[in-house]
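Enquirer: based on what follows, work out the 3D shape:
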Amino acid sequence: QPIQMRFNELISGVRSDVAVKIYGDDLAVMNKTAGEIEAVLQAIPGAADVKVEQTTGLPMLTVRLDREALARYGLPAADVQELISTALGGTTVGQIYEGDRRFDLVVRLPENLRTDLTYLQNLPVPLPPSGSSAPHSSSSEILNFKYQILQTVPLREVAQIELAPGPNQISRENGKRRVVVTANVRGRDLGGFVTEAQSRVTSAVTVPAGYWLEFGGTFEQLLSATKRLQIVVPVALLLIFGLLFVSFGNVKDALLVFTGVPLALTGGVTALWIREIPLSISAGVGFIALSGVAVLNGLVMLSCIRALRDAGQPLDAAIEEGCLTRLRPVLMTALVASLGFVPMALATGAGAEVQRPLATVVIGGIISSTLLTLVVLPALYRLAHRDSASEK
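Expert: Numbers count the residues shown, from 1 in each chain. Next up, the predicted model:
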């Protein structure tokens with residue numbers, strides 16, 4: 001399960017079953033849209049653990065310069081910003097040598113003052129002198145120049161300082177900002193949930209111009225796996241039929257054994273319905289494995305009947321003796337395969353959502369395919385070969 005969650009994160013960027021990704025530029029607009037989507041998803045049956053990605057809540061010290069006040073005092077904005085940067089972050093003014101080691105000498109406010117909002121508001125900002133150079137006439141003018149140099153103004157007069165929650169993180173994907181609404185699915189199939197979620201979100205949430213939504217999460221893997229299974233399942237069935245044709249040498253007997261596949265699938269679907277388990281990718285894999293087991297039992301039965309007929313026995317006698325002879329091997333094969341999957345079918349721990357559908361399909365399908373092999377297949381064989389038996 002941890003490996004599965006990690007791969008989900010690597011593939012889609014999230015660990016949940018379903019993720020609605022909002023792309024845009026303004027975090028406030030994106031968070032508002034994400035809140036509306038969260039409310040819609042919570043109202044859908046089967047939704048669990050619905051939440052919006054945490055993007056705010058980090059306390060940040062914000063300093064907004066008053067451009068008009070700066071102009072009145074004749075202060076450059078860069079000088080005020082440099083003063084704030086030195087007071088809070090520090091500025092390197094030299095280096096200290098201790099033997100071969102070298103350290104930067106940094107000037108900044110003490111820790112207790114850097115976290116004191118009142119002190120920062122009263123931080124003195126030096127005002128520029130009225131003249132560019134010192135006068136050289138009278139002593140009074142020199143004193144007046146020094147007084148002008150020492151003139152200061154509190155930082156609160158030229159800037160607004162506040163400590164308020166700011167962005168906690170800014171996630172990006174494909175060059176755009178992204179906010180994710182995640183949800184898990186409980187008690188229903190993932191595909192049906194996503195289809196209903198897409199319909200409800202489209203009708204209930206208005207996405208501003210320049211912003212767009214994408215559905216991701218495990219749902220992306222569902223789509224890719226479904227497309228892959230659309231190719232794998234027909235190929236697997238064709239290979240099974242091809243091997244049967246090679247074994248029997250004719251299409252009729254190969255088709256007779258191949259009839260075990262649809263009846264086995266019927267048993268698997270019935271087992272899923274009885275246990276109220278939705279059809280999933282793991283169940284699809286179970287159907288592929290089930291097809292091989294069902295064909296194997298039919299192959300064992302039909303090969304024995306054909307061997308008895310080749311030995312000269314009549315059709316009915318060959319069928320009866322073949323069924324009795326192969327009863328024990330067929331039951332052993334079915335019991336071994338089905339009982340081996342019982343612990344997986346009853347699993348409730350981590351990974352049970354993958355194990356239970358696969359085991360349920362195999363157990364239910366083996367039961368129905370065994371009945372086919374012991375009862376239906378001999379009858380179908382007799383119907384298919386009665387004409388050749390009457391000719392003999």
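Enquirer: report the secondary structure state of P128.
Expert: coil (DSSP: H, G, I helix; E, B strand; the rest coil).
Enquirer: how far away is it from P76?
Expert: Using CB to CB, to the nearest Å, P128 is found at 8 Å from P76. For glycine as for every other residue, the C-beta is placed from the backbone atoms N, C-alpha and C.
Enquirer: hang on, A347 in a strand?
Expert: No. Assessed with three-state DSSP, A347 is coil; it does not lie in a strand.
Enquirer: how about it: what's its closest non-neighbour residue?
Expert: Closest residue to A347 apart from its sequence neighbours, by CB to CB, 6 or more residues apart in numbering: Q355 at 4.8 Å.
Enquirer: the one you found reaches V342, doesn't it?
Expert: No. Taking CB atoms under 8 Å as the definition, Q355 is not a contact partner of V342, at 11.1 Å.
Enquirer: P128 and P76: which is more packed in?
Expert: P128 (14 against 10; other CB atoms under 10 Å).
Enquirer: wait, the more buried one sits on G74?
Expert: Yes. The criterion here is CB under 8 Å, and P128 meets it with G74 at 5.5 Å.
Enquirer: OK, contacts around T333?
Expert: Residues in contact with T333 (CB atoms under 8 Å, 6 or more residues apart in numbering) are 293, 296-297, 300.
Enquirer: could you rerun that using 7 Å?
Expert: Neighbouring residues of T333 by CB atoms under 7 Å, 6 or more residues apart in numbering: 296-297.
Enquirer: next, work out how far apart it and R382 are.
Expert: T333 is 23 Å from R382, by CB to CB.
Enquirer: just G94 next, same as before
Expert: From G94 across to R382, the span is 103 Å (CB to CB).
Enquirer: what of A39?
Expert: Applying CB to CB, the value for A39 to R382 is 64 Å.
Enquirer: tally up the residues packed near the closest residue to L244 other than its chain neighbours, please.
Expert: The shortest distance from L244 to any non-neighbouring residue, by CB to CB, 6+ apart, is to A254 (3.9 Å). Residues within reach of A254, counting by other CB under 10 Å, total 21.
Enquirer: A254 in helix, strand or coil?
Expert: With three-state DSSP as the basis, A254 sits in helix.
Enquirer: so what's it up against?
Expert: Residues near A254 by CB under 7 Å, 6+ apart: 241, 244-245, 248.
Enquirer: among those residues, show me the least confident.
Expert: Ranked by pLDDT, the contacts of A254 bottom out at F248 (80).
Enquirer: state the pLDDT value of the residue lying closest to that residue once chain neighbours are set aside.
Expert: Excluding the flanking residues, the one nearest F248 by CB to CB, 6+ apart is A254, at 5.3 Å. pLDDT recorded at A254 is 84.
Enquirer: how far away is the residue nearest to L127 when sequence neighbours are not counted from I319?
Expert: Computed as CB to CB, 6+ apart, the closest residue to L127 that is not its neighbour in sequence is Q151, at 4.5 Å. The gap separating Q151 from I319 is 115 Å, by CB to CB.
Enquirer: and these two? which has more neighbours close in?
Expert: I319 (23 against 14).
Enquirer: ok, the more buried one - contacts?
Expert: By CB under 7 Å, 6+ apart, the contact list for I319 reads 305, 378, 381-382.
Enquirer: drop anything exposed from those.
Expert: Among these, those scoring as buried are 305, 378, 381 (criterion: 16 or more other CB atoms under 10 Å).
Enquirer: can you give me the strands in the chain?
Expert: 18-24, 47-52, 56-65, 91-98, 101-107, 124-126, 152-154, 159-167, 171-173, 176-185, 212-216 (DSSP state E).
Enquirer: strands paired with the fourth one, and their directions?
Expert: This points to strand 91-98. Strand pairing for strand 91-98, determined by DSSP bridges: strand 101-107 (antiparallel).
Enquirer: and the strand it pairs with, C-alpha only, in PDB?
Expert: Extracted in PDB, the C-alpha atoms of strand 101-107 (Å, rounded to 0.1, in the frame of the first residue of the first chain):
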ATOM      1  CA  ARG A 101      38.700  29.800   9.000                       C
ATOM      2  CA  ARG A 102      36.800  32.800   7.700                       C
ATOM      3  CA  PHE A 103      33.400  34.000   8.900                       C
ATOM      4  CA  ASP A 104      31.100  36.800   7.700                       C
ATOM      5  CA  LEU A 105      30.400  39.700  10.000                       C
ATOM      6  CA  VAL A 106      26.600  40.300   9.800                       C
ATOM      7  CA  VAL A 107      24.800  43.300  11.200                       C
END
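Enquirer: and it, what's buried?
Expert: When burial is assessed from 16+ other CB under 10 Å, strand 101-107 yields no buried residues.
Enquirer: kindly report the same for stretch 206-223.
Expert: By 16+ other CB under 10 Å, the buried positions in stretch 206-223 come out as 207, 211, 213, 215-222.
Enquirer: now stretch 251-267
Expert: Within stretch 251-267, the residues scored as buried using 16+ other CB under 10 Å are 253-254, 256-261, 263-265, 267.
Enquirer: what's the answer for stretch 320-339, then?
Expert: Buried positions in stretch 320-339, judged by neighbour count with 16+ other CB under 10 Å: 322-323, 326, 330, 333-334, 337-338.
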